[in-house]
Each structure stands twice: as C-alpha cells, then as structure tokens.
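Q: What follows is a predicted protein model with its sequence.
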Amino acid sequence: MLGLTPPGTVHTAISLVAVAAGIIALVRDKEISPRNDLGKIYVIATVLTCLTALGIFQHGGFGKPHALAIITLVVLGVAAVAANTRLYGRASPYVETVSYSATFLFHMIPGITETTTRLPPGAPLLPNAEAPALQAATAVMCVLFLIGVALQVQRLRARLGGPAS
C-alpha cells in the first residue's frame, strides 16, 4: 500500500496518532504537555514512531530519517529532564515547551516529505525528497515553528511572571 512495507505501515499509523495528538494539544492547550492525557499520548506515540523508524531501511542503510529519529528521542529526553528537574533553572519550563514543539516539527518534516512524494498514488505531487518545492515547504514549517515558539515563550512569560534566565 503506497509503497509501504508492513513495518512502514505500522510506523505511519503510529506517527499519525502522534501528529493528531500534537495538533489537538497545540490548538487546545497552546503547548504539548505530558501532564495531561493528550500530551502523554503524543509523547508515547512519538517515542514509538522514532523506535519503529529505526527499523525501516527501505532506502538502504542508516540515513537522514534515522538520524532525525535519534535527535527526536534526545530532544524528548531534554524535555523530560526540563519537566522533572531544575537542571535548567528558571529556564526549565521554556526548555520543556520549546523541546516538545521541536519534536512536533520533527514529525512534520518527514510527514510532508513522505506525503508529497507518495500521494496521489502513481502521480505524486513531488518527484523526490530533494525537490525545491519540498525544501521551500520545510523552510515555511521552520518559520511557523519559530513564530509558534515565540508565542509560547510570550505566553509562558506572562504565566510565570518574567523572562527565562
């Protein structure tokens, strides 16, 4: 189906759960937080997405998607440390929020890539992952991420009563 292997199909299904939970959390709560059920679903599905990605070698050996999965797991770890310790001091809530938002961006990059290079079946929107239009879409996602993070930081400052230091 759509050129997906059985492990790829499972990986895609799990990632769609993570993306849906992330979208709902960002719209509803303006952040992804593991302190609520939606955030827990997002984090668990994101970890499972990363772990299943590490077992997919459809394009050869270790590649960019595998590196992104490892980076995502590291950033989830940074967010968890920020949420559960004071390692980052007063910046901890900011590190946590920005880190979870970054993992959402990390979902979107391969999500847009895979969608535009596979759909519609037989005549995908883009020929490959190196297409200039895909690079432009990635740049737009990065700008949206920066705008979103700026809004989240502003919201946190208002809620916490001052800038992070």
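A: Sure, I can see it.

Q: roughly how far apart are the residue nearest the centre of the chain and Ala67?
A: Nearest to the geometric centre of the chain sits Phe104, at 2.4 Å (Cα atoms, centre = their mean). Phe104 sits 18 Å away from Ala67 when distances are taken as Cβ to Cβ, to the nearest Å. Where C-beta positions appear, they are placed from N, C-alpha and C, glycine not excepted.

Q: swap in Gln152?
A: 26 Å.

Q: Those two: which is more packed in?
A: Neighbour tally, Gln152 and Ala67, criterion other Cβ atoms under 10 Å: the higher count belongs to Gln152, 20 against 10.

Q: can you tell me the helix or strand for the more buried one?
A: Assessed by DSSP states H and E, Gln152 sits inside helix 132-160.

Q: Around Ala79, how many other residues sit close by?
A: By other Cβ under 10 Å, neighbour count at Ala79 equals 24.

Q: Now do it, the pLDDT please.
A: Looking at Ala79, its pLDDT reads 98.

Q: Helix or strand for the residue nearest to it when sequence neighbours are not counted, just tell me which one.
A: Nearest non-adjacent residue to Ala79, counting by Cβ to Cβ, 6 or more residues apart in numbering: Ser99, 3.6 Å away. Secondary structure assignment for Ser99, by DSSP H and E: helix 92-118.

Q: contacting residues around stretch 145-156?
A: Stretch 145-156 is contacted from outside by 26, 30-31, 93-94, 97-98, 101-102, 104-105, 164, using Cβ atoms under 8 Å, 6 or more residues apart in numbering.

Q: again but with stretch 66-85, I slipped
A: By Cβ under 8 Å, 6+ apart, stretch 66-85 touches 34-35, 43, 46-47, 49-51, 53-54, 87-88, 91-93, 95-96, 99-100, 102-103, 106-107, 109-110.

Q: one step back: filter the contacts of stretch 145-156 down to just the buried residues.
A: In the contacts of stretch 145-156, burial by neighbour count holds for 26, 31, 93-94, 97-98, 101-102, 104-105, 164, counting by 16 or more other Cβ atoms under 10 Å.

Q: Including pLDDT, could the residues you listed go into a markdown table?
A: Formatted as a markdown table, those follow (pLDDT from 0 to 100):
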| residue | pLDDT |
| --- | --- |
| Leu26 | 98 |
| Glu31 | 97 |
| Pro93 | 96 |
| Tyr94 | 97 |
| Thr97 | 98 |
| Val98 | 98 |
| Ser101 | 98 |
| Ala102 | 98 |
| Phe104 | 98 |
| Leu105 | 98 |
| Ala164 | 60 |
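
Q: Okay then, goodbye and thanks.
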